[in-house]
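[1] Task: produce atomic coordinates for the following.
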Amino acid sequence: MTIAQAGVLAIALVCAVTLGAGALGLRISRTTSDFYVAGRSVSAAWNASAIGGEYLSAASFLGIAGLVYALGADMLWFPVGYTVGYVILLVLVAAPLRRSGAYTLPDFAEARLESRRVRTLASLLVVGIGWLYLLPQFQGAGIALSTVTGAPPALGSLIVAVVVLANVTAGGMRSITLVQAMQYWLKLTAISVPAFVLLALWWQSGAPGPEVASASGADWAEALSGFGGREHPVYATYSTILALCFGTMGLPHVLVRFYTNPDGRAARRTTLVVVGLLGLFYLFTPVYGVLGRVYLPTLPAGSRSDSVTLLLPSIVAPGTLGTVLSAILAGGAFAAFLSTASGLTISVAGVVDQDFLARTIGRRAGGDVPRIRTFRLAAVVAVAVPYAASWLAVNTSLADTVGLAFAVAASTFCPVLVLGVWWRRLSVAGATSGLVTGGVLALTATTITVLAGPGAVGGGWPGALLAQPAAWTVPTAFLVAVIVSYATPGSVPLGTARTLVRLHVPENLRSATRMPPAE
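    Next up is the predicted model:
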């Protein structure tokens, strides 16, 4: 069996298992709550596996190895930042978000600030961040299928789009929870087993470790020496860490998971387990970048560094063993694309449904259109736009594109969530100003970087500030929100004290004092 045939078989099996698990979820999805938040009944361990499944995206499975391969030790901050983001989420907002009783981020924004204007802004940002994050999933699927089988990249994107739509429209969050929990363990197996085999072969061969200079001329293994081959590597490193740590809490497909827990205590337990699951997975991804430097110092013509994970087995172990390992990695990569794209589609579709389609279509049809029907239509919209955009040429790597999505999330939702949960003086005007300021600054920098490439504006500080904007956009958004809130005390919501009590009082104390439960 050739590598292409084995890869096709592995990808087909992953897609079949994904659709099978989704069909099982369809049998138990009946209500709107099932479609949006799985009936709020998912256990901590099961939910943690599902979060790990959707969070470990194309950037994790292929992108980190590609960055380590191309740019060196500085890129190890990406998995560190991805994991630490959940620690910050655990400390600051996990339990209060679950106690809010919201379905989506815009729901929380409206409940906390009692403003339709803030809700609309939050809805637009959720859609924008979701589409920006979906883009590398479709592109990664194209890279994976093309690398393993030689098929056109557009075919890989199409397969992911079709499978994700089938699952999301069939059973909503219940289907996706089953799929993503299963896919975490599939991905962990797919990334770890080949890594152990390849490391054993490298050890037996006696091949030396990588000693190759990076594109910037600095030592490949030297930290803080040339982040991405750009100037001001120290700034770029810390800005990226800031984006990854604080951007996690602003990712819509991550936060919606906490609404599926039965209570705030379960939300905290879920987050703790997630940190362990992510740390375990990220032990293996850099291995492929390092071994790629040893066995594949030059990539084949037309290949991106993101493909090094899929190319490596056939170089280290030509023959049947390499074919099997390549097939396992191809299947795991597709599981990564499918699970992350499913979570993003759920979160974007929920917002498009509630804030756009349901109201418009409902009015035209006399208010008689079922919500589940509009949710399914919203899922089509959520997938169609980034799928079409994936056909465009993008000059950033998978991990870089995902990092920019984190920067936008950190610059917008992080200030509103942290201040909204912990500061009673946050006003409607302050929250609106913070969202607009952070969104405009981060999205402008992101658009320039994605469309024109990280070095499009030249070297020096302008290029560094646009390529890694979080270090200045996040503090600016916080500062604007605080200053405007102090200047507009009259727009602090009247129900702020009651809302904060709901966010911070545990469920058992709330019921003992006969407080109204979260909706």
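
[2] Pro318 sits in which helix or strand?
    Per DSSP states H and E: Pro318 is located in neither a helix nor a strand.

[3] Tell me which helix or strand in the protein has the weakest average pLDDT.
    helix 32-37 (a mean of 53; mean pLDDT, DSSP states H and E).

[4] Show me what counts as buried in the next helix or strand after it.
    Downstream of helix 32-37, the first helix or strand assigned by DSSP H and E is helix 44-55. By 16 or more other C-beta atoms under 10 Å, the buried positions in helix 44-55 come out as Ala44, Trp46, Asn47, Ala48, Ser49, Ala50, Ile51, Gly52, Gly53, Glu54, Tyr55. (C-beta placed from N, C-alpha, C; glycine too.)

[5] Check the average confidence over helix 44-55, would you?
    For helix 44-55, mean pLDDT rounds to 81.

[6] what's the answer for stretch 305-322, then?
    90.

[7] Give me the contact list for it.
    3, 58, 61-63, 65-67, 69-70, 140, 143-144, 147-148, 194, 197-198, 201-202, 285, 288-289, 291-292, 295-296, 299-300, 303, 323, 325-326, 329-330, 333, 397-399 (C-beta atoms under 8 Å, 6 or more residues apart in numbering).

[8] Any buried residues in that stretch, and which?
    305-314, 316-317, 321-322.

[9] ok, so of these, who is nearest His253?
    Asp306 (21.1 Å; C-beta to C-beta).

[10] Excluding chain neighbours, what is closest to the closest one?
    Among residues not flanking Asp306 along the chain, Gly66 sits closest, at 3.9 Å (C-beta to C-beta, 6 or more residues apart in numbering).

[11] isn't there a helix covering the one you found?
    Yes - assigned with DSSP: H, G, I helix; E, B strand; the rest coil, Gly66 falls within a helix.

[12] dump the residue contacts of it.
    Gly66 touches Gly289, Arg304, Ser305, Asp306, Ser307, Val308, Thr309, Ser397, Leu398, Ala399, counting by C-beta under 8 Å, 6+ apart.

[13] Look up how far Val351 lies from Val436.
    Distance, Val436 to Val351, using C-beta to C-beta, to the nearest Å: 18 Å.

[14] More neighbours: which of the two?
    Neighbour comparison, Val436 and Val351: the larger count goes to Val351, with 27 against 15 (by other C-beta atoms under 10 Å).

[15] Dump stretch 109-127 to PDB, keeping only the CA atoms.
    Provided in PDB are the C-alpha atoms of stretch 109-127 (Å, rounded to 0.1, in the frame of the first residue of the first chain):
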ATOM      1  CA  ALA A 109     -22.300  40.800  27.600                       C
ATOM      2  CA  GLU A 110     -26.000  41.700  27.500                       C
ATOM      3  CA  ALA A 111     -26.800  40.200  30.900                       C
ATOM      4  CA  ARG A 112     -23.900  42.000  32.600                       C
ATOM      5  CA  LEU A 113     -24.200  45.400  31.000                       C
ATOM      6  CA  GLU A 114     -28.000  45.400  30.200                       C
ATOM      7  CA  SER A 115     -27.300  46.800  26.700                       C
ATOM      8  CA  ARG A 116     -28.300  45.700  23.200                       C
ATOM      9  CA  ARG A 117     -25.500  47.800  21.800                       C
ATOM     10  CA  VAL A 118     -22.800  45.900  23.600                       C
ATOM     11  CA  ARG A 119     -24.400  42.700  22.600                       C
ATOM     12  CA  THR A 120     -24.300  43.600  19.000                       C
ATOM     13  CA  LEU A 121     -20.700  44.500  19.200                       C
ATOM     14  CA  ALA A 122     -19.900  41.300  20.900                       C
ATOM     15  CA  SER A 123     -21.800  39.300  18.300                       C
ATOM     16  CA  LEU A 124     -19.800  40.900  15.400                       C
ATOM     17  CA  LEU A 125     -16.500  40.200  17.200                       C
ATOM     18  CA  VAL A 126     -17.500  36.500  17.900                       C
ATOM     19  CA  VAL A 127     -18.200  36.000  14.200                       C
END
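
[16] Tell me the gap between that stretch and the middle of its chain.
    From the chain centre to the centre of stretch 109-127 is a distance of 21 Å (C-alpha atoms, centre = their mean, to the nearest Å).

[17] ok, now stretch 139-156?
    21 Å.

[18] Output the longest helix belonging to this protein.
    Taking DSSP state H as the criterion, the chain has its longest helix at helix 153-205.

[19] For whatever helix or strand comes next after it, buried residues please.
    Next in sequence after helix 153-205, counting helices and strands by DSSP H and E, comes helix 233-247. The neighbour-count check on helix 233-247 (16+ other C-beta under 10 Å) flags 233, 235-247 as buried.

[20] If you count contacts, what does helix 233-247 end up packed against?
    With contacts taken as 3 or more C-beta pairs under 8 Å, 6 or more residues apart in numbering; DSSP states H and E, helix 233-247 sits against helix 77-92, helix 398-422, helix 460-467, helix 470-487.

[21] Mind listing residues that contact it?
    Residues outside helix 233-247 that contact it (C-beta under 8 Å, 6+ apart): 74, 77-78, 80-82, 84-85, 88, 224-228, 230, 403, 405-410, 414, 464, 467-472, 474.

[22] now that helix against helix 77-92, angle please.
    Interaxial angle, helix 233-247 versus helix 77-92 (axes from the mean of the first three to the mean of the last three C-alpha atoms, to 10 degrees): 40 degrees.

[23] Just the ones in strands from the contacts of Gly66, please.
    Among these, none falls in strands (DSSP state E).

[24] Turn the residues you listed into TSV, columns for distance to Trp422.
    TSV is the format used below for the contacts of Gly66 (distance: C-beta to C-beta, whole Å):
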residue	distance to Trp422
Gly289	39
Arg304	42
Ser305	41
Asp306	39
Ser307	44
Val308	43
Thr309	40
Ser397	35
Leu398	34
Ala399	31
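
[25] among these, which are in helices?
    Using DSSP H, these in helices are Gly289, Val308, Thr309, Leu398, Ala399.

[26] How far off centre is the helix or strand where Ser339 lies?
    Using DSSP H and E, Ser339 sits within helix 320-352. Between the centre of helix 320-352 and the centre of its chain there are 12 Å (C-alpha atoms, centre = their mean).

[27] That helix vs helix 44-55, what angle?
    Interaxial angle, helix 320-352 versus helix 44-55 (the same axes, to 10 degrees): 100 degrees.

[28] in the stretch 1-150 of the chain, what spans have low per-residue confidence?
    22-43, 103 (pLDDT under 70).

[29] ugh, typo on my part, it should be the stretch 201-350 of the chain
    Within the stretch 201-350 of the chain, the segments meeting pLDDT under 70 span 210-219, 223-230, 258-261, 263-264.
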